[in-house]
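Visitor: predicted coordinates and the sequence they were generated for:
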Amino acid sequence: MVLFEQCATSEKKRKDNVISNKEKTIDKEDTLFKVESFKEKTFLLNDQNAIPFFFKYQKENLEENIRISTRFGNIDIKLYKNTPYHRANFIYLTKKKYFNGSTFHRVVPGFIIQGGNSDRVETAEKRRKIGKYLLPPDTRKGHKHHRGVISMPSSEIENPHKLASPYEFFIVQQNPGAYHLDGSYTVFGRVIKGMDVVDMINQQKIDSREAPLTNIHMEVSIIE
């Protein structure tokens, strides 16, 4: 289960905190079998095969519009084509229905909402079946952390290069943006409809761990 850093006492410190999770680094021996065919076999993604897989996957799966459905309404997002591995990863996980039933598990008022995790056994089981892997940062495409962008947090354990944790994402709610994050996290899309929903989620009551007091579940789908 992914753990998160506890919120600092001041708003400034909260916003300067590294957006991260604590997934363990990949043990190469965890891979159960090698990938022989991306299309024909079920396989586990890992640090060795993830990039070759997504290099091919992004060419064959061109979808770029996704919808995050919550009890507060829908958030429609356009994924950027020039961050191909992050786009492909999000499309892949969406088609695998990974995000369905996960939650917006971290809310920092006036800053971000973070999703893709939950304390449900089903979410952990989905991760186990998909695999353990990290994505390299892709921060040189000119995308900044404006209000409404979707970005990917990094794993913090033994991760000096800020490799991205592929199962989670955050949306910047701060106005006009959270530019101190530029260069550290990969922006890979933007909200095109539903920022009012983002604002409502950001206003929910939270505990000392920045977790909403009431779960905010999501369903994620591809739209035209």
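Guide: Cool, got the structure.
Visitor: please identify the buried residues of stretch 195-207?
Guide: 195, 197-198, 200-202, 204, 206 (16 or more other C-beta atoms under 10 Å). For the C-beta atoms, the positions are set from N, CA and C on the backbone; glycine is no exception.
Visitor: including distance to F43, could the residues you listed go into JSON lines?
Guide: Below are the buried residues of stretch 195-207 laid out as JSON lines (distance: C-beta to C-beta, whole Å):
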{"residue": "M195", "distance to F43": "37"}
{"residue": "V197", "distance to F43": "35"}
{"residue": "V198", "distance to F43": "35"}
{"residue": "M200", "distance to F43": "39"}
{"residue": "I201", "distance to F43": "34"}
{"residue": "N202", "distance to F43": "37"}
{"residue": "Q204", "distance to F43": "38"}
{"residue": "I206", "distance to F43": "38"}
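Visitor: Throw the residues you listed into CSV and include secondary structure, distance to E63 and pLDDT, thanks.
Guide: Formatted as CSV, these follow (DSSP: H, G, I helix; E, B strand; the rest coil; distance: C-beta to C-beta, whole Å; pLDDT from 0 to 100):
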residue, secondary structure, distance to E63, pLDDT
M195, helix, 22, 98
V197, helix, 21, 98
V198, helix, 21, 98
M200, helix, 27, 98
I201, helix, 24, 98
N202, helix, 27, 98
Q204, coil, 30, 98
I206, strand, 33, 98
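Visitor: looking at the residues you listed, which two lie furthest apart in space?
Guide: Taking C-beta to C-beta as the measure, the buried residues of stretch 195-207 span a maximum distance of 19.6 Å, between M195 and I206.
Visitor: out of the buried residues of stretch 195-207, who's nearest I75?
Guide: V197 (5.1 Å).
Visitor: which residues does the closest one contact?
Guide: Taking C-beta atoms under 8 Å, 6 or more residues apart in numbering as the criterion, V197 is in contact with 70, 72-75.
Visitor: mind listing the helices for this structure?
Guide: Secondary structure of the chain (DSSP state H): helices located at 11-16, 50-60, 84-95, 121-130, 195-202.
Visitor: list the buried ones in stretch 173-184?
Guide: Of all the residues in stretch 173-184, those buried under the rule 16+ other C-beta under 10 Å are 173-174, 177-178, 181-182.
Visitor: so how far is that stretch off the chain centroid?
Guide: 16 Å (C-alpha atoms, centre = their mean, to the nearest Å).
Visitor: and it, how far apart are its ends?
Guide: 18 Å (C-alpha to C-alpha, to the nearest Å).
Visitor: what do you get for stretch 181-190?
Guide: 15 Å.
Visitor: pull the residues that contact that stretch.
Guide: Contacts with stretch 181-190, where a contact means C-beta under 8 Å, 6+ apart, come from 18-19, 64, 66, 77-80, 83, 86-87, 90, 135, 137-139, 141, 143-146, 148-154, 162, 164, 172.
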